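Enquirer: Predicted model, plus sequence, below.
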Amino acid sequence: MSLVFRHAIVVGASSGIGAEIARRLAADGCAVALLGRRADELEGVAREIRAGGRGSAIVRVHDVTRYDTVTALLEELVRELGGLDLLVYSAGAMHKTGEGEYDFARDRLELETNLVGAVAWTTPVAAMFEAKRSGTIVGLSSIAGERGRRTFPAYSTSKAGLTAWLEALRNRVARYGVNVVTVKPGFVDTPMTAKLEQKPMVIPVQRAANLILAAARRGGSPSVFIPWTWWLVAMVLRHMPSRIFRRLDL
Ligand SMILES: NC(=O)c1ccc[n+]([C@@H]2O[C@H](COP(=O)([O-])OP(=O)(O)OC[C@H]3O[C@@H](n4cnc5c(N)ncnc54)[C@H](OP(=O)(O)O)[C@@H]3O)[C@@H](O)[C@H]2O)c1
């Protein structure tokens, strides 16, 4: 089976993985709604799509922590796109926490952006897809969600929560023909990782987007590591005793 996406919303499409997924969807003839907070960056991606001559792009400035705006925006976008068969939730924030740094406001922003925003978007979309008995939801989780990490406490917590949420959603809607894809990348070369000193096995954003869309098109609600070799790392991490894991600079 290879699913064809004709109408898509990409939340977090102004840079990195979301922008690349949007470009690729449009290149395959898809009408894509690009969402994020930075209007100039979104318009830049939309211009590239329009110049490509395939598919189409509409832009909406949207902050995912404005949960109250999601339902009306979703309805408006579905009308403008002419339908919806794919939601990609790629919005994310990541902060490396320093030794002795305790900052609830910062942690809350990560949890809200990476997890609560995803719940706010996937809930009405899952209901819509369940009713029409088809549709695909792709959520960008992370290898970071496999363990509670010393240097990325809020980020790893948000991604662990997102992984669990997407699994729960899949278990609700798979029986109605809805495809929920959990994506767990390792390191991808994007603005988010630009300042990290260590990026083992980093891959270009184009490769990440290709692998993610291939998994989404295959259907069958997979949970995938990007690339798959991170599955091996996850196995080791999952079984590592806590007293050893906490000594690592992760
Ligand atoms: N790069 C990696 O190595 C890696 C690895 C594992 C998982 N991931 C995940 O992949 C996803 C994409 O990350 P990326 O690497 O492509 O980073 P990125 O280039 O920094 O993209 C993050 C996107 O999230 C959007 N965003 C952030 N806060 C938002 C908010 N409050 N409201 C709406 N949009 C918001 C940004 O748009 P605006 O700033 O315009 O709002 C941007 O489009 C994230 O969920 C990230 O955690 C990345």
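Expert: Here it is on my side, so go on. Numbers count the residues shown, from 1 in each chain.

Enquirer: Which neighbours in the sheet does the helix or strand residue 88 falls within have, and how are they oriented?
Expert: Using DSSP states H and E, residue 88 maps to strand 86-89. Sheet pairing of strand 86-89 (DSSP bridges) gives strand 7-11 (parallel), strand 136-140 (parallel).

Enquirer: Report the distance from it to the chain centre.
Expert: How far strand 86-89 lies from its chain's middle: 8 Å, per C-alpha atoms, centre = their mean, to the nearest Å.

Enquirer: does it come close to the ligand?
Expert: No - Strand 86-89 stays clear of the ligand (C-beta under 6 Å from any ligand atom), getting no nearer than 7.6 Å. To be clear about C-beta, it is placed using only N, CA and C from the backbone, and glycine gets the same treatment.

Enquirer: what about the helices in this structure?
Expert: 16-27, 39-52, 70-81, 104-111, 117-132, 153-173, 205-218, 230-239, 242-245 (DSSP state H).

Enquirer: wait, does the longest one contact the ligand?
Expert: No - Helix 153-173 lies apart from the ligand when judged by C-beta under 6 Å from any ligand atom; the minimum separation is 6.8 Å.

Enquirer: Counting by contacts, list what that helix packs against.
Expert: Packing contacts for helix 153-173, counted by 3 or more C-beta pairs under 8 Å, 6 or more residues apart in numbering; DSSP states H and E, involve helix 104-111, helix 117-132, strand 136-140, strand 179-185, strand 223-226.

Enquirer: about what we covered before: which residues are in contact with the strand holding residue 88?
Expert: By C-beta atoms under 8 Å, 6 or more residues apart in numbering, the residues outside strand 86-89 that reach it are 5, 7-12, 18, 21-22, 25, 30, 117-118, 121-122, 125, 135-140, 216.

Enquirer: related to what we said a few turns ago, which one of the helices of the chain is the most hemmed in?
Expert: helix 16-27 (a mean of 24; mean count of other C-beta atoms under 10 Å).

Enquirer: Show me the shaky parts of the protein.
Expert: Residue ranges of the chain with pLDDT under 70: 1.

Enquirer: For it, list the residues in contact with the ligand, please.
Expert: Counting by C-beta under 6 Å from any ligand atom, the residues of the chain near the ligand are 12-18, 36-38, 41, 62-65, 90-94, 113-114, 140, 142, 185, 187-188, 190-193.

Enquirer: quick one: which of these sit in strands?
Expert: Of the positions in those, 36, 140, 185, 188 sit in strands, assigned by DSSP state E.

Enquirer: Please report which of those residues has the highest neighbour count.
Expert: Greatest neighbour count in those, by other C-beta atoms under 10 Å, goes to residue 140: 29 neighbours.
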